[in-house]
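Colleague: Sequence and computational prediction follow.
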Amino acid sequence: MAGKGTKAGGSGVKIVAQNKNARRLFDLFDRYEAGIVLTGSEMKSVRAGRVSFKDSYITFSRGEAFLTGVHIAAYENAGYAGHEPDRDRKLLLHKREIDLLRGKVEQKGLTVIPTAMYLKKSLVKVEIALARGKKVHDQREELKQRAVKRDMAREMAEVKKKM
């Protein structure tokens, strides 16, 4: 597990997984912290960092929020009491937060995506964010801006070396 998780400032928070495509594909707005309902073997796999956020999102049904599309790999030593890696998992949010998120998703055309999963005092938490999908031209523009910044930094470093 070396290098898989990082401790954030000694605050007892260990990042297990991050959605690396979230900032590239979406404009992120409000962020929320949610608990998640897991089985024992899922908890062991999460602690081992075997989580993938590829194509995951939050759905709402019957006044509850569910995490859909997250892959938590099967725990090798689970035996017969293993879990289904791609099942929907219930998120633990306050009722008013669920209502607020559902309202924004329905009215403004936003979506809710997971951005990170971390351990906080031995509990698994999921950071979720309201997001709007970027268009292809927005993604290209962002890549161009990053390339320009990188080139400027490289040239500044060369100038400093010559001095």
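Modeller: Received it, and whenever you're ready, just let me know what you need.
Colleague: Could you use CA atoms for every contact and neighbour count after this?
Modeller: Fine.
Colleague: For Glu97, see how far away Leu130 is.
Modeller: To Glu97, Leu130 is 12 Å away according to C-alpha to C-alpha, to the nearest Å.
Colleague: I'd like the next helix or strand past the helix or strand bottoming out on mean pLDDT in the chain.
Modeller: Lowest mean confidence among the helices and strands of the chain (mean pLDDT, DSSP states H and E): strand 6-7, at a mean of 50. Using DSSP states H and E, the helix or strand that follows strand 6-7 in sequence is strand 13-18.
Colleague: May I have the helix or strand following that following strand as CSV, with CA atoms only?
Modeller: Using DSSP H and E, the helix or strand that directly follows strand 13-18 along the chain is helix 22-25. The C-alpha trace of helix 22-25 is given here as CSV (Å, rounded to 0.1, in the frame of the first residue of the first chain):
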residue,chain,number,x,y,z
ALA,A,22,-13.5,15.0,-12.7
ARG,A,23,-11.7,18.4,-13.1
ARG,A,24,-10.9,17.7,-16.8
LEU,A,25,-14.4,16.7,-17.8
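Colleague: contact partners of helix 22-25?
Modeller: Leu28, Ile113, Thr115, Gly133, Lys134, Gln139 (C-alpha atoms under 8 Å, 6 or more residues apart in numbering).
Colleague: Buried residues, it. List them.
Modeller: Ala22, Arg24, Leu25 (16 or more other C-alpha atoms under 10 Å).
Colleague: Name the SS class of Leu130, please.
Modeller: State at Leu130, reduced to three classes by DSSP: H, G, I helix; E, B strand; the rest coil: strand.
Colleague: partners of it in the sheet?
Modeller: For Leu130, the beta-bridge partners are Val112 (DSSP bridges).
Colleague: List the contacts of it.
Modeller: So Leu130 contacts Leu28, Phe29, Asp30, Arg31, Leu101, Leu110, Thr111, Val112, Ile113 (C-alpha under 8 Å, 6+ apart).
Colleague: What pLDDT is listed against it?
Modeller: pLDDT for Leu130: 93.
Colleague: Kindly export stretch 74-83 (C-alpha atoms) in PDB.
Modeller: Taking C-alpha atoms only, stretch 74-83 is exported to PDB below (Å, rounded to 0.1, in the frame of the first residue of the first chain):
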ATOM      1  CA  ALA A  74     -13.400  -8.100  -4.500                       C
ATOM      2  CA  TYR A  75     -11.300  -8.800  -1.400                       C
ATOM      3  CA  GLU A  76      -9.200 -11.900  -2.000                       C
ATOM      4  CA  ASN A  77      -9.700 -13.400   1.500                       C
ATOM      5  CA  ALA A  78     -13.400 -12.800   1.700                       C
ATOM      6  CA  GLY A  79     -14.300 -16.400   0.900                       C
ATOM      7  CA  TYR A  80     -18.000 -17.000   0.300                       C
ATOM      8  CA  ALA A  81     -19.000 -13.700   2.000                       C
ATOM      9  CA  GLY A  82     -17.600 -11.600  -0.800                       C
ATOM     10  CA  HIS A  83     -19.400  -8.700  -2.500                       C
END
